[in-house]
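In: no sequence on this one, just coordinates:
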């Protein structure tokens with residue numbers, strides 16, 4: 001009789017331990033999911049603010065598009081508007097996709113493959129944005145100048161102060177874009193480490 005009671009107690013304890021282990025694993029996964037998502041929340045908030053600023057500029061350029069009275073200023077205007085709509089939208093979509101990776105479902109290997117694919121896409125978008133931002137500077141200046149001060153800079157000669165301002169802007173952009181890209185790499189590598197820790 002005692003042996004039967006001992007077996008029943010042992011079986012009950014084993015089931016309890018299994019439930020505890022399963023519950024602990026679920027809690028760890030949920031905590032990992034939260035830590036993973038928080039890695040991208042600040043980045044996503046910054047990109048959302050940046051995108052809103054870009055969209056406001058688009059509205060400004062659309063309302064004033066009629067002031068662009070030559071074909072080449074209109075092309076610059078269209079390119080500027082396209083850039084300010086497309087790139088921020090693509091970055092936000094990519095960030096949403098990478099942030100919402102569902103760690104709780106799917107295998108570790110599958111999640112890691114999806115993450116690396118999305119990480120590479122996000123970093124390529126950032127690289128593309130860096131290169132295109134230099135082009136944007138050269139098409140944004142003529143458009144803004146025409147809309148704000150009604151001057152066509154293609155028909156005027158540059159003053160020394162304007163050349164200095166352009167060089168300073170390029171230097172600032174160089175360091176700012178480098179810093180931004182390094183921050184993206186740091187955050188995405190840190191998030192990848194969180195995922196890799198699940199396998200250990």
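Out: In hand now; what should we look at? Small disclaimer: the values here were computed from a predicted structure and weren't measured.

In: alpha carbons only for contacts and neighbour counts from here, please
Out: Fine.

In: For residue 72, the count of nearby residues, please.
Out: As a burial measure, residue 72 scores 14 neighbours (other Cα atoms under 10 Å).

In: Quick check: it vs residue 195, distance?
Out: Taking Cα to Cα, to the nearest Å as the measure, residue 72 falls 49 Å from residue 195.

In: and what of residue 37?
Out: Per Cα to Cα, residue 37 is found 11 Å from residue 195.

In: ditto for residue 21
Out: 20 Å.

In: before we move on, what about residue 158?
Out: Plainly put, residue 158 is 53 Å away from residue 195 if you go by Cα to Cα.

In: Tell me which of the two has more neighbours.
Out: Between residue 158 and residue 195, counting by other Cα under 10 Å, residue 195 is the more crowded of the two (20 against 10).

In: mind listing what the more buried one touches?
Out: Residues near residue 195 by Cα atoms under 8 Å, 6 or more residues apart in numbering: 32, 36, 108, 112.

In: most surrounded residue in those?
Out: Busiest of those [other Cα under 10 Å] is residue 36, holding 24 neighbours.

In: Which secondary structure element of this protein has the lowest mean pLDDT?
Out: Lowest on mean pLDDT, DSSP states H and E among the helices and strands of the chain sits helix 2-63, with a mean of 81.

In: Measure how far the very next helix or strand once past it is from the centre of its chain, please.
Out: Next in sequence after helix 2-63, counting helices and strands by DSSP states H and E, comes helix 71-99. Offset of helix 71-99 from its chain centre (Cα atoms, centre = their mean, to the nearest Å): 13 Å.

In: Who are the packing partners of helix 71-99?
Out: Packing contacts for helix 71-99, counted by 3 or more Cα pairs under 8 Å, 6 or more residues apart in numbering; DSSP states H and E, involve helix 2-63, helix 108-149.

In: what mean pLDDT does stretch 114-131 have?
Out: Stretch 114-131 carries an average pLDDT of 90.

In: ok so, going back, so which of the helices and strands packed on helix 71-99 comes closest to residue 188?
Out: Closest approach to residue 188 among the helices and strands packed on helix 71-99 (Cα to Cα): helix 108-149, 6.6 Å.

In: which secondary structure elements does that closest one contact?
Out: Here helix 108-149 is seen to pack against helix 71-99, helix 160-197 when contacts are counted using 3+ Cα pairs under 8 Å, 6+ apart.

In: mind running it again at 10 Å?
Out: helix 2-63, helix 71-99, helix 160-197 (3 or more Cα pairs under 10 Å, 6 or more residues apart in numbering; DSSP states H and E).

In: now these as JSON lines including distance to residue 153?
Out: Formatted as JSON lines, the helices and strands packed on helix 108-149 follow (distance: least, Cα to Cα, whole Å):
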{"stretch": "helix 2-63", "distance to residue 153": "17"}
{"stretch": "helix 71-99", "distance to residue 153": "10"}
{"stretch": "helix 160-197", "distance to residue 153": "11"}
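
In: and among those, the most buried is which?
Out: Using mean count of other Cα atoms under 10 Å, the stretch among the helices and strands packed on helix 108-149 with the greatest mean number of neighbours is helix 71-99 (a mean of 18).

In: Please consider this matter closed, and thank you.
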